[in-house]
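**Q** Got a predicted model here, sequence first, then my questions.
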Amino acid sequence: MFMTARIVAVLAAVLVTNSMVATAEAKDKVKVGFIGPLTGGVSVNGIGGRNSADLAVHQRNAGAKAKYEYELVVLDDECKPNVAVQVATRMAADKEIIAAATHYCSSTAIATVDVYHKFGLPVVVWGAVLPDITYRNKYAEVHRVNGTMINQNDANAELLTKLGYKTFAVIHDTTDYGKGHNQYFSAALAKLGGKILGTFGVTADQQDFTAELTQIKALNPQVIYFGGLTPIGVRIRSQMDKLGIKAVFDGTSGIVSDAFIQGLGPLAEGCLAFREGAPTEKLPGGKFFMEKYAAQKYDSPPEAYGAFAFAAMDLILDTIEKVGPNRKSVIAELGNVKDRDSIVGKITFDDHGQNTVAVITKYVIQDGKFVEWDESEYASGKRKLPEQK
Amino acid sequence: MDVGLLAQYVMNGLMLGMMYALVAVGFTLFFGVLDVIKFSHGDVLTVGAFTALATFVGLTAVGVHSGPLLLLAMLAAAIVAMAALGMLVARYLVLPLRSAPALNTLLVTLMLGTALRESVRLFYPQGANPKPFPALLPATSIPLGQFNLRLDNTILLAAGVAAVVGLQLLLNRTRLGLAIRAVAQDEETARTMGVNFNAIVLVTFGIGSALAAFAGLMNGLYYNEINFGMGLLLGVIGFTAAIVGGLGSVYGAILGGFLFAALQTIGAVALPFPSAYKDVFAFTVVIVFMAWRPTGLIQEKISERV
């Protein structure tokens, strides 16, 4: 009798354990995707975004409330349109992947929208700023949490005109990204009466800019506007110095990266840059994000768009939790996102899937850091840019 | 055009041309002794530049701050390391493939180049980012109108000329040079005359790679920035310059290097299309040129190779 009781107890224990294991297993696995440039010149931004998206998935899986267990599938677009189309097709064709946070580079994001549309994969762009990505077509699959380059170029032209600059030279890379910047900046500047003395398209992996810069030197502009990404931005700024060009270096969101300052050292001082959204540390959930990010001990920083990658992935996970792991329902639900709280502020998608935040942060590099313009010593008059009024 | 401006363009072109020439000479040397194309040459340049940078970081960390001393150490480290790398490549990748079709060597070295490039990106700390390269030469500059004459550029140019002249003397005035020329001219005969063929091939690859290291250091000091992809285009341009000059001829390679730089500068400055097309222009001219003179500017004479 005593023996039987013991056996029953053991059996009961086994059953309980089994049922506990069963509940843990009962959570369905759901795959979500991430695409960004993980190799090549802008890979720091891609890796920062990847880590941030990974953080969002980690947080979700660690929480007890999650209905599903998420697995992040990461692919590398190398910031090259041809590679991007391949990896996007691979991801979109995998029916187990429900949704994805995609692309830092505009050239890759614009090249892949048709793929996502064709395969019906809902994506949320986390870093690319070319307006056409959301606005060229009206694809229900494509969304974007960060703003477009139109707003930042308006803010850029406005600030520089206010500082008294009248003559500009434009250098832009000849990808969709650089050409877009050139187009929107030139338009914004023309409205405010600024004059562009010369426009120079350069390739995205060019090494030597002395020929272009010597021409610019002869034109003698007050400002050199640069529409492109960090690697060639570093080269252009440093070669400007070699040729004795004193003009202000006016960059875009493409150079907002610690790598830009590290690449230039003291020469980075006084360079301008603009980016959509508020700085990470000032975002509603910025502190939370930075703390969690640090706790995961990733070996590289989140960089400028990490918070957006986190927000994009978090939004995807929220949506799947709500409507279940089905692409069509996720697309339908993403269409209704309005005033949704996120770590980058409220998210509202317009009918093109574009988040309508129009906050632009103006940066100037001061003592080796990106400082908000209004808080900088350049704005207070303590320091001055060349020929600043 | 303003004279100062013109002088500036010429200076820019000369600096570019010197770097291309140094790379091109390597290609031509390798082709001379072994009739092979070594496509990892541009990436050897990258590794050389990163070796110099690592030497700089290491020495500054232990408290060496004297500019000339640092520069000398960087130069020595880069040259020795790359010469060794060049010899290793020759010994373990190129020589074993001697009896295989030349295409195999080309493919193997192409792969090696990719491996070197990706290794720098993956294993150098934060290797994917552009790296600032220290400005160790005096940055005194004399503005002459639109022309900014910089002392550091002048020194770099002079150093490049010295390297080329040194190589020329080595090839034409020493026993080693004689042996290299002998091997280039006729391997069989050279062997029967007692020339150690394998040793000469190794030394030649060492010299060529050391020149690439020198060009890498020069590149770093000129642009004050290096990155893991810098060798790729430099390799292609160096190869083109060697072909245009006449593969196998040292003078041809130098001429080809400066010619290509001139084409790029003209493409960026003097022609009525955006400067982004300067490489398209330069390479198109090269294509047309190759149709006209397939053997290059200075034709390889059977009796005088290298």
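**A** Nice, I can see it.

**Q** Wondering if stretch B:215-226 reaches chain A at all.
**A** Yes. Applying C-beta under 8 Å from any C-beta of the partner chain, one finds stretch B:215-226 in contact with chain A at B:Tyr222, B:Tyr223, B:Asn224, B:Glu225. Heads up, the C-betas are built off the backbone N, CA and C, glycines and all.

**Q** And the host helix or strand of B:Asn198, what's buried?
**A** Applying DSSP states H and E as the criterion places B:Asn198 in helix B:197-223. For helix B:197-223, burial by neighbour count (16 or more other C-beta atoms under 10 Å in any protein chain shown) applies to B:197, B:200-223.

**Q** and it, what's its mean pLDDT?
**A** For helix B:197-223, mean pLDDT is 92.

**Q** Mind checking if stretch A:373-389 is in reach of chain B?
**A** No. Using C-beta under 8 Å from any C-beta, stretch A:373-389 never reaches chain B; the gap is at least 15.7 Å.

**Q** got a list of contacts for that stretch?
**A** With contacts defined as C-beta atoms under 8 Å, 6 or more residues apart in numbering or on different chains, stretch A:373-389 is touched by A:159, A:163-165, A:222, A:246-248, A:270, A:272, A:362-364, A:366.

**Q** residues contacting residue 277?
**A** Answering for chain A, as no chain was given. Residues near A:Gly277 by C-beta under 8 Å, 6+ apart: A:Asn146, A:Gly147, A:Leu283, A:Ala307, A:Phe308, A:Val344, A:Gly345, A:Val357, A:Val359, A:Thr361.

**Q** nope, chain B
**A** Counting by C-beta under 8 Å, 6+ apart, B:Tyr277 has contacts B:Gly267.

**Q** The residue in the stretch 201-306 of chain B positioned nearest to chain A sits in which helix or strand?
**A** Using C-beta to the nearest C-beta, B:Ala268 is the residue of the stretch 201-306 of chain B that sits closest to chain A, at 3.5 Å. Here B:Ala268 is covered by helix B:250-269, with elements defined by DSSP H and E.

**Q** Following the chain past that helix, name the next helix or strand.
**A** Trace forward from helix B:250-269 with DSSP H and E and the next one is helix B:278-292.

**Q** which intervals of chain A have sub-threshold pLDDT?
**A** A:1-26, A:358 (pLDDT under 70).

**Q** thinking again about what came up before, list the contacts of the residue of the stretch 201-306 of chain B closest to chain A.
**A** Residues A:Ala211, A:Glu212, A:Gln215, B:Ser275, B:Lys278 are the ones in contact with B:Ala268 under the rule C-beta under 8 Å, 6+ apart.

**Q** if we go to 10 Å?
**A** B:Ala268 is in contact with A:200, A:202, A:208-212, A:214-215, B:9, B:12-13, B:274-279, B:281-282, counting by C-beta atoms under 10 Å, 6 or more residues apart in numbering or on different chains.

**Q** Can you tell me the closest non-neighbouring residue to it?
**A** A:Ala211 (3.5 Å; C-beta to C-beta, 6 or more residues apart in numbering or on different chains).

**Q** Over to B:Ala139?
**A** Spatial nearest neighbour of B:Ala139, chain neighbours left out: B:Asp152 (5.8 Å); criterion: C-beta to C-beta, 6+ apart.

**Q** So which other helices or strands are in contact with the one helix or strand the one you found maps to?
**A** In this assignment (DSSP H and E), B:Asp152 forms part of helix B:151-173. In terms of contacts (3 or more C-beta pairs under 10 Å, 6 or more residues apart in numbering or on different chains; DSSP states H and E), helix B:151-173 is packed against helix B:3-34, strand B:141-144, helix B:175-185, helix B:197-223, helix B:250-269.

**Q** Check which residues of that helix are buried.
**A** Across helix B:151-173, burial judged by 16+ other C-beta under 10 Å covers B:Asp152, B:Asn153, B:Thr154, B:Leu156, B:Leu157, B:Ala159, B:Gly160, B:Ala163, B:Val164, B:Leu167, B:Leu171.

**Q** For A:Cys105, see how far away the third one is.
**A** Spelled out, that is B:Thr154. 39 Å (C-beta to C-beta, to the nearest Å).

**Q** how many degrees apart are the helix holding B:Asp152 and helix B:175-185 in direction?
**A** 70 degrees (axes from the mean of the first three to the mean of the last three C-alpha atoms, to 10 degrees).

**Q** Dump helix B:151-173 to PDB, keeping only the CA atoms.
**A** C-alpha atoms of helix B:151-173 as PDB (Å, rounded to 0.1, in the frame of the first residue of the first chain):
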ATOM      1  CA  LEU B 151      55.100  69.700 -48.200                       C
ATOM      2  CA  ASP B 152      53.800  66.200 -47.300                       C
ATOM      3  CA  ASN B 153      52.600  65.600 -50.900                       C
ATOM      4  CA  THR B 154      55.900  66.800 -52.300                       C
ATOM      5  CA  ILE B 155      57.800  64.400 -50.000                       C
ATOM      6  CA  LEU B 156      55.500  61.500 -51.000                       C
ATOM      7  CA  LEU B 157      56.000  62.200 -54.600                       C
ATOM      8  CA  ALA B 158      59.800  62.300 -54.200                       C
ATOM      9  CA  ALA B 159      59.700  59.100 -52.200                       C
ATOM     10  CA  GLY B 160      57.800  57.400 -55.000                       C
ATOM     11  CA  VAL B 161      60.300  58.600 -57.600                       C
ATOM     12  CA  ALA B 162      63.100  57.300 -55.300                       C
ATOM     13  CA  ALA B 163      61.400  53.900 -55.100                       C
ATOM     14  CA  VAL B 164      61.000  53.600 -58.800                       C
ATOM     15  CA  VAL B 165      64.600  54.700 -59.400                       C
ATOM     16  CA  GLY B 166      65.800  52.300 -56.800                       C
ATOM     17  CA  LEU B 167      64.000  49.500 -58.500                       C
ATOM     18  CA  GLN B 168      65.500  50.400 -61.800                       C
ATOM     19  CA  LEU B 169      69.000  50.400 -60.300                       C
ATOM     20  CA  LEU B 170      68.300  47.100 -58.600                       C
ATOM     21  CA  LEU B 171      67.200  45.500 -61.900                       C
ATOM     22  CA  ASN B 172      70.000  47.000 -64.100                       C
ATOM     23  CA  ARG B 173      73.000  47.300 -61.900                       C
END
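
**Q** quick one, it and helix B:3-34 angle?
**A** 30 degrees.

**Q** ok and helix B:151-173 relative to helix B:250-269, angle-wise?
**A** Using the same axes, to 10 degrees: helix B:151-173 against helix B:250-269 is 150 degrees.

**Q** Now stretch A:268-286 - C-alpha only, CSV.
**A** Taking C-alpha atoms only, stretch A:268-286 is exported to CSV below (Å, rounded to 0.1, in the frame of the first residue of the first chain):
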residue,chain,number,x,y,z
ALA,A,268,35.0,66.3,-38.0
GLU,A,269,34.6,69.4,-35.9
GLY,A,270,31.9,71.7,-37.3
CYS,A,271,30.4,69.3,-39.8
LEU,A,272,26.6,69.5,-40.0
ALA,A,273,24.1,66.6,-40.4
PHE,A,274,20.4,66.1,-40.2
ARG,A,275,18.2,63.2,-39.3
GLU,A,276,14.6,62.3,-39.0
GLY,A,277,13.2,61.7,-35.5
ALA,A,278,14.6,62.8,-32.2
PRO,A,279,18.1,61.7,-30.9
THR,A,280,17.8,58.2,-29.4
GLU,A,281,18.5,59.4,-25.9
LYS,A,282,15.7,61.9,-26.2
LEU,A,283,13.1,59.5,-27.5
PRO,A,284,10.3,58.5,-25.2
GLY,A,285,11.8,55.0,-24.8
GLY,A,286,15.3,55.9,-25.7
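
**Q** Mind listing what's buried along that stretch?
**A** A:268-280, A:283, A:285-286.

**Q** Please apply the same query to stretch A:176-190.
**A** For stretch A:176-190, a neighbour-count test (16+ other C-beta under 10 Å) marks A:176-186, A:188-189 as buried.

**Q** what's the answer for stretch A:204-218, then?
**A** Quick answer for stretch A:204-218 (16+ other C-beta under 10 Å): A:204, A:206-217.

**Q** With only the CA atoms kept, save that stretch in PDB.
**A** The C-alpha coordinates for stretch A:204-218 follow below in PDB (Å, rounded to 0.1, in the frame of the first residue of the first chain):
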ATOM      1  CA  ALA A 204      29.600  55.400 -54.100                       C
ATOM      2  CA  ASP A 205      33.000  53.700 -53.700                       C
ATOM      3  CA  GLN A 206      35.300  56.500 -55.100                       C
ATOM      4  CA  GLN A 207      38.600  57.000 -53.400                       C
ATOM      5  CA  ASP A 208      40.000  60.200 -54.900                       C
ATOM      6  CA  PHE A 209      38.000  63.400 -55.000                       C
ATOM      7  CA  THR A 210      40.800  65.800 -55.600                       C
ATOM      8  CA  ALA A 211      39.600  66.500 -59.200                       C
ATOM      9  CA  GLU A 212      36.100  67.400 -58.100                       C
ATOM     10  CA  LEU A 213      37.300  69.300 -55.100                       C
ATOM     11  CA  THR A 214      39.800  71.400 -57.100                       C
ATOM     12  CA  GLN A 215      36.900  72.400 -59.400                       C
ATOM     13  CA  ILE A 216      34.900  73.300 -56.300                       C
ATOM     14  CA  LYS A 217      37.800  75.300 -54.900                       C
ATOM     15  CA  ALA A 218      37.800  77.400 -58.100                       C
END
